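1. show me the folded form of this:
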Amino acid sequence: MINLVHSTSGLMKQVPTGFSWTTFFFGPCVPLFRGDLKWFLIMLIVDLITFGFSQFVFMFTYNQTYLKSLMLQGFIAADDFSKEFLEKNGFCLKKSIKDAEISTSDQILKLAELKEKGIISEEEFLEQKKILLA
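-> Next up, the predicted model:
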């Protein structure tokens, strides 16, 4: 479990990492409880198509997907442990709340790195780049 804080609003969230036991037991309800409607619909549709077998994939990937979406919404590490975890796993767009003020060009370069590593898609990259340049 890591702690994130939104860089502008100050909203704090505890985010689970690794294997998702809640997804294992509750399936597509987890994204719904977290307010992640997009992934609720994706998981529900894929579960219906695969007769529930897709849960064996989602339980290993959903926490990472959720963390990635929070990072793209502007959440950053709230403490040193979270900062180290994010850096170690290639998620960190901004190192921590203490050093959140980095240049736009550095943020775009970091987004490009995440895109190359496959952590974010081309669409997510372009969306975030558009936001940064606005």
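
2. for the protein, what's the longest helix?
-> In the chain, taking DSSP state H as the definition, the longest helix is helix 55-72.

3. just checking, what packs against that helix?
-> strand 2-6, strand 12-15, helix 21-26, helix 29-33, helix 37-49, helix 122-133 (3 or more Cβ pairs under 8 Å, 6 or more residues apart in numbering; DSSP states H and E). C-beta: built from backbone N, CA, C; applies to glycine.

4. dump those into a markdown table; add mean neighbour count and mean pLDDT as well.
-> What follows is the helices and strands packed on helix 55-72, written out as a markdown table (neighbours: other Cβ atoms under 10 Å; pLDDT from 0 to 100):
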| stretch | mean neighbour count | mean pLDDT |
| --- | --- | --- |
| strand 2-6 | 19 | 88 |
| strand 12-15 | 13 | 90 |
| helix 21-26 | 15 | 92 |
| helix 29-33 | 18 | 93 |
| helix 37-49 | 15 | 94 |
| helix 122-133 | 13 | 83 |
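
5. right, and these - which one's nearest residue 84?
-> Evaluated with Cβ to Cβ, those place strand 2-6 nearest to residue 84, the distance being 9.4 Å.

6. just want the angle from that closest one to helix 55-72.
-> Orientation check (axes from the mean of the first three to the mean of the last three Cα atoms, to 10 degrees): strand 2-6 against helix 55-72 gives 40 degrees.

7. from here on, call the first residue 811.
-> Sounds good: first residue 811 from here, last item strand 812-816.

8. other residues contacting strand 812-816?
-> By Cβ atoms under 8 Å, 6 or more residues apart in numbering, the residues outside strand 812-816 that reach it are 821-825, 827, 877, 880-881, 883-889, 891-892, 895-896, 907.
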